[in-house]
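Chemist: Mind looking at a prediction? Sequence and model below.
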Amino acid sequence: METQETNNRYPDYIIPFKLDKEAARAALRNYFRGKVLLPKCFSEKSHIEEIKGIYVPFLLFSGVSSANISCHATKSNTNKAGKDKVTAAGHYRLVRSGNIAFDKVPVDASSNMPAECMDDIEPFDYTALAPFSAEYLQDYQAGQFDGDFEECNKRASDRIRTSTEEYFTGTISGYSDVNIETSDISISQGEIKYAYFPVWTLNTEWKGKSFLFAMNGQTGKRTGNLPVDPIKLLLWFACIAVPLMLILWIALLTPAAAELFIGEAGNITRIAVTIIAPLLIAFLVCMLFRRRMKPAKKQRTAGRYIKEGGVSLTGSNDTLLYNTETRQTGKS
């Protein structure tokens, strides 16, 4: 499939919106709740009203992966010999080969949508896939395929390879320290379909950067990378660190507490307890706040798109290479 051919034709499929605008607004308000570092302009009511429904273009990749994977693994047993511990280990080469059929691995094909956000609102329920009809587009915007086809193809192929490797190494049991030595995976690409999937979005500009909230318009799964207001970050850091410093300083004025936490170490330990510890605690809390602002991540695997009955294990071979023995001498 050439990129231009995709640009000039209608989608093959569409998944209709299931959740309305009010549900999307409620989800957005919920998503912003508790994010204490969020700039005020994001949570304003007038801004939340700007949320819009978009049919986002996706390419659905199907194909069969063929794998031949070789691993090194050990199987060990520890026994006592007098006061010594003797560990005997067998070193094996494990080979797993086979085929896996994947069906409709989705990759968003719009340059306006961050890949990590579109990946993060998966999965869509394919039982609702319908032949495309323009009637579904009433009251909603429709995105256009303008992404890089080769990049979309690479993203789907990478996910298929990772899931293939994980599946066949997952068939290995009874060994420890399993390490992949060689992984030969080829993909026979099948049909590629073009589809519109429903997404509620709110795009916000802040300090020259664009931030997107996205919600699956069918399942309600939501995500979005949000900015951190540096002033709020500093205020929270101060509001955590300063009271802790005062509380600890006052507490250590009592002889019992001073004896317990400081002992004979003197002022250096007092400084560590009353200043360094609160700063460290405030830093860790603020880092937790920051992590909540950017949860969206690209999908690495495509395991949920393996066809039912689409796995064929054609080869499984475990070969003993050599044995080793280590002895830990006991103390007399």
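Modeler: Everything's here; your move.

Chemist: hey, where'd the strands end up in the stretch 1-150 of the chain?
Modeler: Secondary structure of the stretch 1-150 of the chain (DSSP state E, counting those that start in this stretch): strands at 13-14, 52-81, 84-108, 130-131, 141-142.

Chemist: Any chance you could list what contacts the fourth one?
Modeler: Judged by C-beta atoms under 8 Å, 6 or more residues apart in numbering, the contacts made with strand 130-131 from elsewhere in the structure are Asp12, Tyr13, Ile14, Ile15, Pro16, Tyr136. Where you see a C-beta, it was placed from the backbone N, CA and C, and this is true even at glycine.

Chemist: give me that answer again for 10 Å
Modeler: Strand 130-131 has contacts (C-beta atoms under 10 Å, 6 or more residues apart in numbering) with Tyr10, Pro11, Asp12, Tyr13, Ile14, Ile15, Pro16, Tyr136, Ala195.

Chemist: now swap in the last one and tell me
Modeler: Strand 141-142 is touched from outside by Pro11, Ile14, Lys52, Gly53, Ile54, Tyr55, Val56, Pro57, Ala134, Tyr136, Tyr196, Thr201, with contacts defined as C-beta under 10 Å, 6+ apart.

Chemist: Angles on the backbone of Met293, please.
Modeler: phi -80, psi -20 (degrees, to the nearest 10).

Chemist: Can you classify the closest residue to it other than its chain neighbours by secondary structure?
Modeler: Spatial nearest neighbour of Met293, excluding adjacent residues (C-beta to C-beta, 6 or more residues apart in numbering): Leu226 at 4.5 Å. Secondary structure assignment for Leu226 (DSSP: H, G, I helix; E, B strand; the rest coil): coil.

Chemist: Leu226 - how many residues pack around it?
Modeler: 22 (other C-beta atoms under 10 Å).

Chemist: distance of it from Gly53?
Modeler: Distance of Leu226 to Gly53, given as C-beta to C-beta, to the nearest Å: 20 Å.

Chemist: what comes up buried for stretch 203-223?
Modeler: Buried residues in stretch 203-223, defined by neighbour count with 16 or more other C-beta atoms under 10 Å: 203-204, 211-219, 222-223.

Chemist: And for stretch 137-145?
Modeler: Neighbour count says stretch 137-145 has Tyr140, Gly143, Phe145 buried, by 16+ other C-beta under 10 Å.

Chemist: ok, the residue nearest to Tyr126 when sequence neighbours are not counted - contacts?
Modeler: Computed as C-beta to C-beta, 6+ apart, the closest residue to Tyr126 that is not its neighbour in sequence is Lys104, at 6.4 Å. By C-beta under 10 Å, 6+ apart, Lys104 lies in contact with 13, 58-62, 124, 126, 129, 156, 190-193, 195, 302, 305, 307.

Chemist: Any chance of the contacts of strand 130-131 in a markdown table with distance to Met113 and pLDDT as columns?
Modeler: Putting the contacts of strand 130-131 into a markdown table (distance: C-beta to C-beta, whole Å; pLDDT from 0 to 100) gives the following:
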| residue | distance to Met113 | pLDDT |
| --- | --- | --- |
| Tyr10 | 19 | 85 |
| Pro11 | 15 | 93 |
| Asp12 | 19 | 94 |
| Tyr13 | 18 | 96 |
| Ile14 | 17 | 96 |
| Ile15 | 16 | 97 |
| Pro16 | 19 | 96 |
| Tyr136 | 19 | 93 |
| Ala195 | 14 | 96 |
